[in-house]
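In: Give me coordinates for this.
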Amino acid sequence: MKENTNCDKEAAYGYWLANVKGLGNRMRCMLTDYAGTARAVYEMSEQELKELIPMARVEKVIASKRDWELEKKYRTLSIKGMDFVGWKQSAYPQKLTKIADPPFALYYYGGLPEESLPSVALIGARQCSEYGRYMAKVCGSELAKAGVSVVSGMARGIDGIGQYAALLEGGKSYAVLGCGIDICYPSENRYVYEQMKKKGGIISEYNPGTQPQPQLFPPRNRIISGLADVIIIVEAKEKSGTLITADMALEQGKEVYVIPGRVTDPLSEGCNRLIKQGAGIFSTVSELLEETGLCQKKSGGGGIRLEKGEESTEGRRSEEELDETKRGLLRHLDFYPKNIEQLHMESGIDYRELVCELMHLCVAGKARQVSAGQYQKEGL
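Out: As a prediction, this is how the structure comes out:
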C-alpha cells in the first residue's frame, strides 16, 4: 500500500517541513533528529526553535505553519500519483542515512529500491560510442537477469540505454532525476520513464515542477551512488558528471568498477584514470557479482519482459543462423569502424563478395554502415 493513502499524517508533516523556505537538508534533518519526527518539529514552540536555529529561520518556520494547509497540500501529491518519504520515516532508504548530506526527503513514482536486494549504479557518457552502447546493454540485461536492480540518472547515452536493457529483461530500474519527478528529462527517454514507474521508480529530492538546471545534477549523483552497492562506469571523459558520481561513491566507501578503453579514445580517459587510481576492472557481470559478494538470483529478474520500443531487434538473426563466411567476417568487425580495405586484408574475402556479405550482415542487424565504406559491429 502506498504511504500517502488516506493522507499519512507523518508524511504530511514531512512534506510541510520539506517546503519551509530558508531551511536546507542539514537543518531539516537536525530538527527532525532533535524532535524525533517531523510532526514534533511542527509542534515545537517558538522558544524551542530559537534554541536550535537562527531567528530568521524561526520566523520562516512560524510563518509556514500559519500559511501551510497541511492535509490539502499533501493530498495534491496523492492526486498526482506521487509518493513522498521524509527523514526518520520507516520507508526512507537506509542506505541514504549513511551518506554525507543525505536528502531530507524523496518524491517518487512507483517505488524505492528494496533494501534486501542488491543494486548497481550503471553510469557513463551521454555521447557514447557504439561499443559503449553495446556494453551498457549487456550490463543492464545481465544485471536484470541476476535479480540486481539498476540505478542511474536516465540521462541520454549510457544511463538510459542500460536502464532500458534492464527493463527489457523484466528487471527493476530506478532513475534519480535532477528535476521534479513529474518532468521527463531528457524527453527522448519518455518510454523508459513511463516503464520505470511500473518496474522500479522515478526518484528526486526536488519538489514536483522543478525544471532541470545544470546546478541540480551534481547533487543528485550522491543519491545515485548512495542507493547502489556497486558502481559500474562504462565510458567517461576526463571531465564529466560521471566522474563526480565516481568520486562521491568512493567517499561513501562504495566499490567502483570501470570498463577500460583505448588510451587514444577521449571517452576512455576518465575510466583509465580511475583504473590508475585503483578502481576495479569490469569484465563480466557474473565476475563482478562474485567479487563484490552481491547475491545472485538464479531465477533471473523475476518480472515480465517488456516489448522493445524504438530499438527493437525483431527479425534479427542469431549468429548460429549465419553461414560460415558471415560468421567469419563478423569476427573481424569491431565496435570501432573499419573500412573495406582493412576488412579485405583481415578476412581475405574477395572485394565483391565482401561488399555483398556486409550488406547481408547489415540486414541481419549484426553490422552497420556508419559512412561510405566504413562498417562496424552492431550492438544487441
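In: And the helices in the stretch 51-200 of the chain?
Out: Secondary structure of the stretch 51-200 of the chain by DSSP state H, counting those that start in this stretch: the helices cover 55-67, 70-79, 130-145, 158-168, 190-198.
In: As JSON lines, those helices with mean pLDDT, mean neighbour count and distance to T284 would be great.
Out: All C-beta atoms are positioned from the backbone trio N, CA, C, and that covers glycine. Converted to JSON lines, these look like this (pLDDT from 0 to 100; neighbours: other CB atoms under 10 Å; distance: least, CB to CB, whole Å):
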{"stretch": "helix 55-67", "mean pLDDT": "95", "mean neighbour count": "14", "distance to T284": "52"}
{"stretch": "helix 70-79", "mean pLDDT": "92", "mean neighbour count": "14", "distance to T284": "42"}
{"stretch": "helix 130-145", "mean pLDDT": "93", "mean neighbour count": "24", "distance to T284": "8"}
{"stretch": "helix 158-168", "mean pLDDT": "96", "mean neighbour count": "29", "distance to T284": "15"}
{"stretch": "helix 190-198", "mean pLDDT": "96", "mean neighbour count": "18", "distance to T284": "24"}
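In: Quick one, which of these gets closest to T292.
Out: helix 130-145 (12.0 Å; CB to CB).
In: which helices and strands does the closest one pack with?
Out: strand 119-123, strand 149-152, helix 158-168, helix 285-292, strand 374-377 (3 or more CB pairs under 8 Å, 6 or more residues apart in numbering; DSSP states H and E).
In: which intervals of the protein have sub-threshold pLDDT?
Out: 1-7, 295-321, 379-380 (pLDDT under 70).
In: Now do S371 against Q211, distance only.
Out: Separation of S371 from Q211 (CB to CB, to the nearest Å): 37 Å.
In: go on, F104?
Out: From F104 to Q211 the distance is 20 Å (CB to CB).
In: of these two, who's got more company?
Out: F104 (24 against 11; other CB atoms under 10 Å).
In: now the more buried one, nearest residue through space, not along the chain?
Out: R28 (4.1 Å; CB to CB, 6 or more residues apart in numbering).
In: Just want the most central residue of this structure.
Out: Centroid-nearest residue in the chain, with CA atoms, centre = their mean: S152, separated by 0.7 Å.
In: list the contacts for the closest residue to that one other than its chain neighbours?
Out: Counting by CB to CB, 6+ apart, D159 is the residue found nearest to S152 once chain neighbours are left out, at 4.2 Å. Applying CB atoms under 8 Å, 6 or more residues apart in numbering to D159 gives the contacts 122-124, 126, 152-153, 175.
In: From the residues you listed, pick the one nearest Q163.
Out: S152 (5.3 Å).
In: Pretty sure that closest one sits against L122.
Out: Yes. Between S152 and L122 there is a contact under CB atoms under 8 Å: 5.3 Å.
In: so what sits against both of these two?
Out: 159, 162-163.
In: Show me the strands in this protein, by range?
Out: 83-86, 105-110, 119-123, 149-152, 173-176, 200-204, 230-233, 255-258, 280-281, 338-339, 367-371, 374-377 (DSSP state E).
In: Reformat the ones you listed as CSV; add distance to L70.
Out: Output for the strands of the chain, formatted as CSV (distance: least, CB to CB, whole Å):
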stretch, distance to L70
strand 83-86, 13
strand 105-110, 15
strand 119-123, 34
strand 149-152, 32
strand 173-176, 28
strand 200-204, 22
strand 230-233, 39
strand 255-258, 43
strand 280-281, 48
strand 338-339, 65
strand 367-371, 57
strand 374-377, 58
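In: which stretch among the ones you listed comes nearest N19?
Out: Of all these, it is strand 105-110 that lies closest to N19, at 9.3 Å by CB to CB.
In: In terms of secondary structure, what does the closest one contact?
Out: helix 9-18, strand 83-86, helix 190-198, strand 200-204.
In: Throw the ones you listed into JSON lines and include distance to T32, thanks.
Out: Shown next, in JSON lines, are the helices and strands packed on strand 105-110 (distance: least, CB to CB, whole Å):
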{"stretch": "helix 9-18", "distance to T32": "7"}
{"stretch": "strand 83-86", "distance to T32": "8"}
{"stretch": "helix 190-198", "distance to T32": "28"}
{"stretch": "strand 200-204", "distance to T32": "20"}
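In: Looking at these, which is nearest to S45?
Out: Short answer: helix 9-18, nearest of those by CB to CB, at 15.9 Å.
In: what's that closest one packed up against?
Out: For helix 9-18, the packing partners by 3+ CB pairs under 8 Å, 6+ apart come out as helix 25-35, helix 38-42, helix 70-79, strand 83-86, strand 105-110.
In: In CSV: these, plus distance to Q277.
Out: Shown next, in CSV, are those (distance: least, CB to CB, whole Å):
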stretch, distance to Q277
helix 25-35, 29
helix 38-42, 40
helix 70-79, 42
strand 83-86, 35
strand 105-110, 31
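In: Quick check: closest non-adjacent residue to V192.
Out: Counting by CB to CB, 6+ apart, V192 lies nearest to Y164, which is 5.1 Å off, once chain neighbours are set aside.
In: Surely that neighbour is in contact with A144?
Out: No. The criterion here is CB under 8 Å, and Y164 misses it with A144 at 10.6 Å.
In: Out of the helices and strands packed on strand 105-110, which is closest to G348?
Out: For those, the distance to G348 is smallest for helix 190-198, at 42.8 Å, taking CB to CB.
In: quick one: contacts of that closest one?
Out: Residues contacting helix 190-198 (CB under 8 Å, 6+ apart): 109-110, 154, 160, 163-164, 167, 173-175, 184, 202, 306, 309-310.
In: Show me the helices in the stretch 251-380 of the chain, by range?
Out: 269-276, 285-292, 324-332, 340-347, 351-363.
In: First-to-last residue distance for stretch 86-103?
Out: Terminal residues of stretch 86-103 lie 9 Å apart, using CA to CA, to the nearest Å.
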